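[1] Sequence and predicted structure, then a few things I'm wondering about:
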Amino acid sequence: MASTRDIRRRIKSVKNTRQITKAMELVSASKMKKAQQAALAGRPYANLMADMLASLSTHVGETNHPFLVQRPVKTRGILLVTTDKGLCGPLNANLFKLVMEIKTPTKFYVIGRKGMQFLTRTKRDLVADFPVHDRVPFNEVRSAAELMVKHFTEGSIDTLEVIYPRYKNTLIQEAKVRPILPLPSLKDFISSASYTGGSVRVPHADDREVLFEPDISEVLNSLLPFYVNHQIYQLVLSAKASEQSARMVAMKTAKDNATSLLSELTLKYNKARQAAITQEILEIAAASFTSS
Amino acid sequence: MLLKLDIVTPYARVYSDTIDTVVLPTKEGEVGILPGHIPLITQVQSGELRITKDGKSIAIVVGDGFAQVIGDRVSVLAQRAIEEEKIDESAVEDALKRAQDALAAAATLNPAEVEHNESIVRYSVAQLGLKRRGK
C-alpha cells in the first residue's frame, strides 16, 4: 500500500491541476460569450447584404464577373481556420482529418498557428498564414480574404474554400468545408447566404425598375468582393466561438476528472491513515499486554 | 407615408426607425430620399446622413458602404456609423491622427491597409465637420 505521504503529494498535484483547469474554463467561458456576441452582432448586417444581393440578382442577367465563372478546377484554394493554442479537445484534429482527405492539388492559406504547424509538418503547399487575434478585427481577416481573392482572379487557384469548425452550439462544433468562390449563380448563392439563420426577404412589394448608381456593374463589382470578405469574416468569427467553447468543454471535463480523482485519492489517503493508526494502537496494546 | 430606415454595421444595428426623409452621402453626391422614391441601390461614401423626423433633423455619420431603397424601406449597410451626440471629438482626432500617420508611412503598408486608413480619415473628417459646424 502506498504510504500516506505519497498519496498526500499526489492529492496536492491533482488539486493544482484542478485549479488551473478551472481557471482556464472560466476564462474561455467569458471569451466564448464575447465571441458568440460578435458572431450574433454581425447577423443583421449579413442578412441585409444578402437582401441587397437578392435584389441585385433579380436585375442582373448572366454576367461574366470573374466570381461567377465556373472554371475547370486544377488547383483548389483552401483557407484553413484553426486555433493558435491547443487544449481545445478534438477541434483541430477534426479539421486536419478533413485536410488529410484532400488528395487533389491544393494550395493552403491558414489562420492560426496550429494549422500552420500541421501543414508544414505534412509538407503541404502552404501559401500564406495570417495571425488573427481573439477579438477578430475585420482587417486581419480581410487581408487573408483579399489575398485569396487576388490569387483566384489571377488564376493560380480555381476555387476558394474555407475549412473551419462550424459553431453549432456549446457542445457541438463540426469541421466543415465551405465553398465560397466561384459563386455557382447569384440565385443559389443568395439561398446559401441565409446561413446566418435570418430569413432572406426575397420578394419585394416593389416591382418597379431598380435604379443603380453609378451603374449596375459597378455596384456588383464592389458589392461582391465586399460580400466575400464579410462572409469569410463571419466564418472566422464562428471558428473563434467554436474554439472557445471547445476549450471550455475540454477544460470542464479535465476539471471534473480531477475532482473525481481527488475524491478517490482522499478516500485512499484516509483509509491508509486509518490503517496506520489502527496498526499503531494494536502495537501499543500488544506491547502493554506483554509487559504487564 | 413614412419611410423605414435601418442603418447596420458589422458590429451593431445603429439606427432603426420610421422617418420622413433622409439624405444619403453617395459616391455620386448627396441623394435625398422621400417616400415613394424609385427603387435604388447605391454606393455610400463616408459622410453625413441627414434624417428628418417629425420636423426635427438628426445627423448620423456613416462610413463607406451601400444603401438600398425598396418601397418604403431604406437600408444602409455601412462599415461604421455613429450618431451625432455620440461623437467624441478628441477620440476622433486621435483616430484621424493615427490613420494619417499610418498613411504618411504608406510605403510599408499593403493596399488594403491604405484603403482602410483612408476610409478612417474620411470618416473622421466627416465626424469632425459635423461636430464643429454645430458650434
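    Received the coordinates, thanks.

[2] care to break the chain down by domain?
    No chain in the question, so chain A it is. Following automatic domain parsing, one finds the domains of chain A at A:4-26+A:250-287, A:44-248.

[3] Please refer instead to chain B.
    B:3-84, B:88-133.

[4] just to revisit the earlier point, ranking the domains of chain A by mean pLDDT, which is last?
    Sorting the domains of chain A by mean pLDDT places domain A:44-248 lowest, at a mean of 82.

[5] What is the end-to-end distance of that domain?
    27 Å (CA to CA, to the nearest Å).

[6] Can you name the residues that contact the residue most central in space within chain B?
    Of all residues in chain B, the one closest to the mean position by CA atoms, centre = their mean is B:Val62, 1.3 Å from it. Residues in contact with B:Val62 (CB atoms under 8 Å, 6 or more residues apart in numbering or on different chains) are B:Ile7, B:Pro25, B:Val44, B:Ser46, B:Gly47, B:Glu48, B:Leu49, B:Val76, B:Ala78, B:Arg80, B:Ala81. Glycine gets a C-beta too; all of them are placed from N, C-alpha and C.

[7] Enumerate the positions of stretch A:210-225 that are buried.
    A:Val210, A:Phe212, A:Glu213, A:Ile216, A:Val219, A:Leu220, A:Ser222, A:Leu223, A:Leu224, A:Pro225 (16 or more other CB atoms under 10 Å in any protein chain shown).

[8] re earlier: and the gap between the residue nearest to the centre of chain B and A:Ser55?
    Distance, B:Val62 to A:Ser55, using CB to CB, to the nearest Å: 20 Å.

[9] about what we covered before: any idea which of the buried residues of stretch A:210-225 is closest to A:Lys150?
    Using CB to CB, A:Pro225 is the member of the buried residues of stretch A:210-225 that lies nearest A:Lys150, at 10.1 Å.

[10] Could you say which of the domains of chain A is packed most deeply?
    Scoring those by mean neighbour count under mean count of other CB atoms under 10 Å in any protein chain shown gives domain A:44-248 as the most buried, with a mean of 18.

[11] touching chain B at all, that one?
    Yes - for domain A:44-248, a contact with chain B is found by CB under 8 Å from any CB of the partner chain, at A:44-45, A:48-49, A:51-52, A:55-56, A:138-139, A:142-143, A:146, A:204-206, A:208-214, A:218-219, A:222-223, A:226, A:230, A:233.

[12] And the strands in the stretch 51-200 of chain A?
    Along the stretch 51-200 of chain A, the segments classed as strands by DSSP state E, counting those that start in this stretch run A:76-81, A:106-111, A:126-130, A:160-167, A:173-181.

[13] Give me the contact list for the third one.
    Applying CB under 8 Å, 6+ apart, the external contacts of strand A:126-130 come out as A:77, A:107-111, A:115-116, A:119-120, A:140-141, A:143-144, A:147, A:151.

[14] Between strand A:126-130 and the helix or strand where A:Met251 lies, find me the angle.
    Following DSSP states H and E, one finds A:Met251 within helix A:216-291. Relative orientation of helix A:216-291 versus strand A:126-130 (axes from the mean of the first three to the mean of the last three CA atoms, to 10 degrees): 80 degrees.

[15] just the angle between helix A:216-291 and strand A:76-81, please?
    50 degrees.

[16] what angle do helix A:216-291 and strand A:106-111 make?
    Going by the same axes, to 10 degrees, helix A:216-291 makes 70 degrees with strand A:106-111.

[17] returning to that earlier point: can you lay out the domains of chain B as JSON lines showing mean pLDDT?
    Listed next are those as JSON lines, based on pLDDT from 0 to 100:
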{"stretch": "domain B:3-84", "mean pLDDT": "89"}
{"stretch": "domain B:88-133", "mean pLDDT": "78"}
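
[18] Comparing these, which stretch has the densest surroundings?
    Of those, domain B:3-84 is the most buried (mean count of other CB under 10 Å), at a mean of 19.

[19] Straight-line length of that one, end to end?
    End-to-end for domain B:3-84, by CA to CA: 21 Å.

[20] Spell out which two among the contacts of strand A:126-130 are the most distant pair, please.
    A:Thr120 and A:Val141 (21.8 Å).

[21] What secondary structure category should be reported for B:Ser75?
    Three-state call for B:Ser75 (DSSP: H, G, I helix; E, B strand; the rest coil): strand.

[22] I'd say it and A:Met52 touch.
    Yes - with contact defined as CB atoms under 8 Å, B:Ser75 reaches A:Met52; the gap is 7.4 Å.

[23] joint contacts of the two?
    B:Gln68.

[24] what's the closest of the buried residues of stretch A:210-225 to B:Ala95?
    Taking the buried residues of stretch A:210-225 together and measuring to B:Ala95 by CB to CB, the closest member is A:Ser222, at 23.9 Å.

[25] Surely that closest one touches B:Thr42?
    No - in this structure A:Ser222 lies outside contact range of B:Thr42 using CB under 8 Å: 10.8 Å.

[26] overlap in contacts of the two?
    With CB under 8 Å, 6+ apart, A:Ser222 and B:Thr42 have common neighbours B:Phe66.

[27] and the nearest residue to B:Val31 once chain neighbours are set aside, what is it in contact with?
    Computed as CB to CB, 6 or more residues apart in numbering or on different chains, the closest residue to B:Val31 that is not its neighbour in sequence is B:Leu24, at 4.8 Å. B:Leu24 is in contact with B:Glu30, B:Val31, B:Gly32, B:Ile33, B:Thr42, B:Val44, B:Leu49, B:Ala67, B:Val74, B:Val76, counting by CB under 8 Å, 6+ apart.
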